[in-house]
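J.: need a structure here:
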Amino acid sequence: MRDPTRGGLATVMHEIHRASECGVRLESANILVRDPVTSVCEMLGYDPLYLACEGRVVAVIDPQQAHAALEAWQALPPGKDAKIIGHISAKDKHVVLQTELGGERILEELEDDPLPRIC
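T.: Coordinates of the predicted model:
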């Protein structure tokens, strides 16, 4: 399990990629980005996948157990929006985002420090 507070979801996926030596494929349609966040990111030119994401968790679960774990998580009040957002595969060599239009985008690793937390 990982907390995407620093560097966002993309940074967590790169940590998993390095640790497993496998590729990660994310499905953008299953990644919840709230409308106000999307609007601010569009205005400022940020990619929300690289922003701090407080109050979230990323869990890597055996594919055979994933749906049962998802149902259990969704039954908890803070987990109602939980989704399976991708998978890890030895076939893939990068962290890739599958877009809603069917395209693919390689998510590069952050070169600089993530945006500072203001709290």
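J.: check the offset of stretch 84-101 from the chain's centre.
T.: In terms of CA atoms, centre = their mean, to the nearest Å, the centre of stretch 84-101 is set 10 Å apart from its chain centre.
J.: please identify the buried residues of it?
T.: Residues of stretch 84-101 classed as buried by neighbour count (16 or more other CB atoms under 10 Å): 85-86, 94-98. The way it works is simple: take the backbone N, C-alpha and C, and place the C-beta from them, glycine included.
J.: tell me how many other residues crowd residue 4.
T.: The number of residues packed near residue 4 is 22, by other CB atoms under 10 Å.
J.: now do the contacts for it.
T.: 11-12, 52-53, 56-58 (CB atoms under 8 Å, 6 or more residues apart in numbering).
J.: coming back round to it: need the buried residues of stretch 84-101 in a markdown table with distance to residue 35, can you?
T.: Converted to a markdown table, the buried residues of stretch 84-101 look like this (distance: CB to CB, whole Å):
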| residue | distance to residue 35 |
| --- | --- |
| 85 | 18 |
| 86 | 22 |
| 94 | 29 |
| 95 | 25 |
| 96 | 25 |
| 97 | 19 |
| 98 | 21 |
